[in-house]
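# okay, sequence plus prediction incoming.
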2 protein chains.
Amino acid sequence: MGEFDLIRRFFQRPVRRAALGVGDDCALLAPAPGMQLAVSSDMLVEGRHFFADVDPRLLGHKSLAVNLSDLAACGARPLAFTLALSLPRADAAWTEAFAAGLLALADAHGCELVGGDTTQGPLNICITVFGEVPPGAALLRSGARAGDDVWVSGTLGDARLALEVFRGTLTLPAAAFELARRRMETPVPRVALGLALRGIATAALDVSDGLVGDLRHILEASGVGATLDADAAAARVALGTPDVDAGLDIDTLRLCALSGGDDYELAFTAPAAARAAVEAAGRAAGTPVARIGRIDAEPGLRIVDAAGAPVAQRFTSFDHFA
Amino acid sequence: MGEFDLIRRFFQRPVRRAALGVGDDCALLAPAPGMQLAVSSDMLVEGRHFFADVDPRLLGHKSLAVNLSDLAACGARPLAFTLALSLPRADAAWTEAFAAGLLALADAHGCELVGGDTTQGPLNICITVFGEVPPGAALLRSGARAGDDVWVSGTLGDARLALEVFRGTLTLPAAAFELARRRMETPVPRVALGLALRGIATAALDVSDGLVGDLRHILEASGVGATLDADAAAARVALGTPDVDAGLDIDTLRLCALSGGDDYELAFTAPAAARAAVEAAGRAAGTPVARIGRIDAEPGLRIVDAAGAPVAQRFTSFDHFA
């Protein structure tokens, strides 16, 4: 047996729900009768999605978290995933820690590792995740209607603030940096909220490249426009709250909230008549939700301040080829 | 729109069978009622699975072919796949050619691209493929029984011969090299044969790392041993047939057939009573099949020549961390 097979063993466990797990040419999934299968793939690359010296346990968590976040954005219940891993060398200690972080989050969501691939090469992690959703119940990007509210879950912008500290463009007090770093390294996929929003939200996606850029996908798919309250969004930055006292000005808070990226929160729309239902879904899921704008019939995205006046500041999306 | 999005567009086409394709947080698959979903992931890395200067159209073909080969080995009918792609830079010409090769093979098998990811990084291609199979019908590695024949489809060893020419360890006549190179660059996934072998084969897998190494997976999973005829296997090397006249000695032919790797043929077992049924399945699928050994109750793998005498030559598997 080569090191190749030994490494693979860290990921091999008996399956519970799948018909067949790791170890054959294919895994076999048996979706519940009548259910559709939601599928999403994300690839994480060293230097682009994480630093070379990241704690492998945290990287294992994040690699699955960003995929579960896509299931959450569709209102799908996690079922299983595959892992393809390219490693520069067979490093047992690194792989064991990576597997521990990965499988802890998988267990927390009842999401089984059913198969994958291991090879030698530049560090690259590709996960494909599967979830179940009843036909017609998936939250899509195309259902937003004029008059809907725009909502966002959890907090925005903190992961970007941590990144800027690592890049050396920003200095933060130690406690604020630790908080931001946790948001960057261990994002929380909003799976329970996605499930609770079935039948309530008209459109949803997960915020990975920055709110403004991602929200445009909903606007395009739905054929609508939106007005976004930059100050309501800025209020979602954990580091902007008085008890953290990170000393950030409003322009920085707005920028991080609107175009930070790496948030893995849900942005979604719902009719104004459903406000109480959205609030109840947030409480049921244990996830804060906040209204930050409204959908307009007029195309385009208008960014205003708390008083409704246009904001001149420019907010662009984080592009992987920028 | 960034180059990132433009590149993604090469892969975006309307879906036919899936409930939702590329462009949302998840794709939605609607498996036929009662069917199980066979799932497999393969990751291809530059320098390990292909050369940097490979024709991107051929690479597109091969990237999907090696995944379809896993479905074939399970007797599953291709349904859909996701593609995650890491590219050093946004190269439209390269990506368009890659997509053309990939999608041509996908169309030939009715296998839809339903989602994926594109990012910047060292060239890496990760495909996850989905197929349908009725419950209990999947060809597994664990069903081989003492007395079963060992079969292999198509040809063996030619891809490895091409690789050795590229490595400079071997010289071949031009025509023979072209044939071998085609086998290396455009493997043919044995999907039709896998489907035809449902209910006939007792165990199956696809030969990717070399016949001897891969066959051991069947022996371990089934708790059996085998006797393999090295000369019957060597006779499966296309470059060993008289009309090609590549001038290869029997030791080279045996080595390439038994431990060449990159074959993407099916190795499978079936009861001796099913020989006519296996031959008929091969004819129905348009794929040659040949008997190259038998399953024994005694554990271990014994390699013999055409006369039944043990072969002293050593045949090891191709290990990605060797």
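Great, that's in hand. Residues are numbered from 1 along each chain as shown, chains lettered A, B, ... in the order given.
# residues touching the nearest residue to A:Leu123 once chain neighbours are set aside, list them.
Leaving aside its sequence neighbours, A:Leu123 sits nearest to A:Glu46 (CB to CB, 6 or more residues apart in numbering or on different chains; 4.3 Å). For glycine as for every other residue, the C-beta is placed from the backbone atoms N, C-alpha and C. Neighbouring residues of A:Glu46 by CB atoms under 8 Å, 6 or more residues apart in numbering or on different chains: A:Ala52, A:Pro122, A:Leu123, A:Asn124, B:Gly121.
# could you pick out the buried ones from the residues you listed?
Taking 16 or more other CB atoms under 10 Å in any protein chain shown as the criterion, what is buried in those is A:Pro122, A:Leu123, A:Asn124, B:Gly121.
# was I right about the second one contacting A:Pro88?
Yes - under the criterion of CB atoms under 8 Å, A:Leu123 lies in contact with A:Pro88, with a separation of 6.0 Å.
# and A:Gly136, how many neighbours does it have?
Other residues lying near A:Gly136 total 9 when counted by other CB atoms under 10 Å in any protein chain shown.
# A:Arg167 now?
A:Arg167 has 8 neighbours, counted by other CB under 10 Å.
# distance of it relative to A:Glu46?
To A:Glu46, A:Arg167 is 16 Å away according to CB to CB, to the nearest Å.
# next one: A:Gly168
Using CB to CB, one gets 19 Å for the distance from A:Gly168 to A:Glu46.
# try A:Val224
Distance of A:Val224 to A:Glu46, computed by CB to CB: 38 Å.
# up against chain B, what does the stretch 151-300 of chain A have?
Within the stretch 151-300 of chain A, the positions near chain B by CB under 8 Å from any CB of the partner chain are A:Ala204, A:Leu205, A:Asp206, A:Ala221.
# so the first one makes contact with A:Ala138?
By that I understand A:Ala204. No - taking contacts as CB under 8 Å, A:Ala204 lies outside contact range of A:Ala138: 9.3 Å.
# when the two are compared, which one has more neighbours?
The neighbour count for A:Ala204 versus A:Ala138, taken as other CB under 10 Å, is higher for A:Ala204 (31 against 24).
# let's verify that one: helix, strand, or coil?
strand (DSSP: H, G, I helix; E, B strand; the rest coil).
# and A:Gly115, how many neighbours?
Residues near A:Gly115, counting by other CB under 10 Å, number 30.
# need the contact list for the residue nearest to it when sequence neighbours are not counted.
The shortest distance from A:Gly115 to any non-neighbouring residue, by CB to CB, 6+ apart, is to A:Ala27 (4.0 Å). A:Ala27 makes contacts with A:Val15, A:Ala18, A:Leu20, A:Gly21, A:Ala80, A:Thr82, A:Val114, A:Gly115, B:Ala38, B:Val39, B:Ser40, as judged by CB under 8 Å, 6+ apart.
# count the neighbours of the third one for me.
Looking back up the chat, that one is A:Leu20. Around A:Leu20 there are 22 other residues, counting by other CB under 10 Å.
# phi and psi next, for it.
Main-chain dihedrals, A:Leu20, degrees, to the nearest 10: phi -160, psi 130.
# quick one: it and A:Ala30, what's the gap?
Relative to A:Ala30, A:Leu20 is positioned 9 Å away (criterion: CB to CB).
# A:Leu211 touches A:Leu258, doesn't it?
Yes - judged on CB under 8 Å, A:Leu211 makes contact with A:Leu258 at a distance of 5.2 Å.
# does chain B sit close to stretch A:77-95?
Yes - using CB under 8 Å from any CB, stretch A:77-95 comes into contact with chain B via A:Ala80, A:Thr82, A:Leu83, A:Ala84, A:Leu85, A:Ser86, A:Arg89, A:Ala90.
# now secondary structure, distance to B:Ala272 and pLDDT too, for those, in CSV please.
Output for the residues of stretch A:77-95 next to chain B, formatted as CSV (DSSP: H, G, I helix; E, B strand; the rest coil; distance: CB to CB, whole Å; pLDDT from 0 to 100):
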residue, secondary structure, distance to B:Ala272, pLDDT
A:Ala80, strand, 38, 93
A:Thr82, strand, 37, 93
A:Leu83, strand, 40, 94
A:Ala84, strand, 39, 94
A:Leu85, strand, 41, 93
A:Ser86, strand, 42, 93
A:Arg89, coil, 46, 88
A:Ala90, coil, 41, 85
